[in-house]
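Undergrad: Fold the following, please.
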Amino acid sequence: MRFTPTAFAGLLLVLLAFVSPWQPAVAAPANGGGKAVRLSEARRATYMAAFEQHVMQTYIQSGLAATALPMDVYREALVGFYNLQRQGQVSGRRQVLTIIDFSRSSRLKRLWVVDVQQQRVLFHTLVAHGKNTGEEFASAFSNQNGSEMSSLGFYVTGNTYQGKHGLSLKLNGQDPGYNTQAASRAVVVHGAEYVCEEFVRQHGRLGRSQGCPALPANQSSAIIQAIKGRTVVYAHAPRGVRYQSSLQQLDPALLAFAQSKGLAEE
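TA: Below you'll find the predicted structure:
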C-alpha cells in the first residue's frame, strides 16, 4: 500500500497522540500566574490536533529536522513558550525561542535560536555549560549561588549591558527550584573565547563557564541582539536528570496556541 504525503502526515499525528508524554489534566496555573485553565475534552482534542500538526510542520519547514534537534525537545520548548506567552511574559514584537539541548556533547552545536513567527532557524551554534556541570557532557545542575553549575528550565531574557565579556544579556529564571537564582548568580548570556571549534580540537571538549550559557565570541553579539527583550530560552535536561515544570502544563499552552492562531477565544 502506498501512502500519500497527506495520509502519512495524518498517520504521524495519530502516532504522536499516543506517544505524547503530556497528560491532559491541569493542576494549578503555571508559576501561579493567571487563572487555571481546564479545557473540555472536545476543545482539547481539536487544539491538540492543530498543535501537533503545527509542531511537525514547523519542525520540518524551519529546517530543524536537519540539525539533530529532537522533535520532542522542540515540542517541550513550544509548550513552555505558549504558557509564558499566556502569562504575558513574552514580547509581542519578538517571537523568538532559544533552545539548549544539554543532552548533547559540548563538542556539538546544541543551541538553536528559532523565529517562531517566521518559522526559521536564526542561529545554530555551540554553547558552554558550567565548570561543575561536567566535562564533555552536562550531568549536574544547580540553582545555588557559588555552584558554578548550569541551570535547567525556562528563562525570559531581559536587558543587555556591557560586562567583562563585552555585550551580555540578563536572564530571568521562570522555574522555581531550578533557575530562579539566575539573576543573583549573574548567570547571563555572553561571548567567550573558549567557546569555539579550535578549543574542542585542542581539549576534546568545549570550554566551560561559571554557569552561564556562553556563546562563540564571534556570534554572541548578533545572537544577543536577536533574543534580548522578553524572549524565551529553554535549557533541556539530559536523560536521567530530574526536571519538572509547571510550564509544561498542556491545557493553558494549547489555549494560548489556539488563540494565537485565531482558532479560539477565551
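Undergrad: Got phi/psi on A235?
TA: phi -100, psi 110 (degrees, to the nearest 10).
Undergrad: so where do the strands sit in the stretch 1-150 of the chain?
TA: Assigned by DSSP state E, counting those that start in this stretch, the strands in the stretch 1-150 of the chain fall at 96-101, 111-115, 120-125.
Undergrad: okay if I get those as a markdown table plus mean neighbour count?
TA: C-betas here are computed from N, CA, C, even on glycine. A markdown table is the format used below for the strands of the stretch 1-150 of the chain (neighbours: other C-beta atoms under 10 Å):
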| stretch | mean neighbour count |
| --- | --- |
| strand 96-101 | 23 |
| strand 111-115 | 23 |
| strand 120-125 | 16 |
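Undergrad: right, and those strands - which one's nearest G153?
TA: For G153, the closest of the strands of the stretch 1-150 of the chain is strand 96-101, at 10.4 Å, according to C-beta to C-beta.
Undergrad: In the stretch 51-200 of the chain, where is pLDDT below threshold?
TA: For the stretch 51-200 of the chain, no stretch has pLDDT under 70.
Undergrad: And the pLDDT for A9?
TA: Note on A9: pLDDT of 46.
Undergrad: swap in the one 3 residues further on?
TA: Model confidence at L12, given as pLDDT, is 49.
Undergrad: begin at 53 from here
TA: Sure, I'll start counting at 53 from here, so that last one is L64.
Undergrad: mind checking which helix or strand R282 is in?
TA: Using DSSP states H and E, R282 is not contained in any helix or strand.
Undergrad: Verify the stated contact: it with R146.
TA: Yes: with contact defined as C-beta atoms under 8 Å, R282 reaches R146; the gap is 7.1 Å.
Undergrad: ok, those two, which is more surrounded?
TA: R282 (19 against 16; other C-beta atoms under 10 Å).
Undergrad: by contact count, what packs against the longest helix along the chain?
TA: As assigned by DSSP state H, the longest helix anywhere in the chain is helix 93-113. Applying 3 or more C-beta pairs under 8 Å, 6 or more residues apart in numbering; DSSP states H and E, one finds that helix 93-113 contacts helix 57-71, helix 123-138, helix 302-312.
Undergrad: relative to strand 163-167, how tilted is the second one?
TA: Angle, helix 123-138 to strand 163-167, by axes from the mean of the first three to the mean of the last three C-alpha atoms, to 10 degrees: 50 degrees.
Undergrad: Could you list the residues in contact with helix 123-138?
TA: If you take C-beta atoms under 8 Å, 6 or more residues apart in numbering as the criterion, helix 123-138 is touched by 73-74, 82, 86, 89, 107-108, 111, 116-117, 142, 149, 151, 153, 155, 168, 206, 208, 226, 284, 286, 288, 297-302, 304-309, 312.
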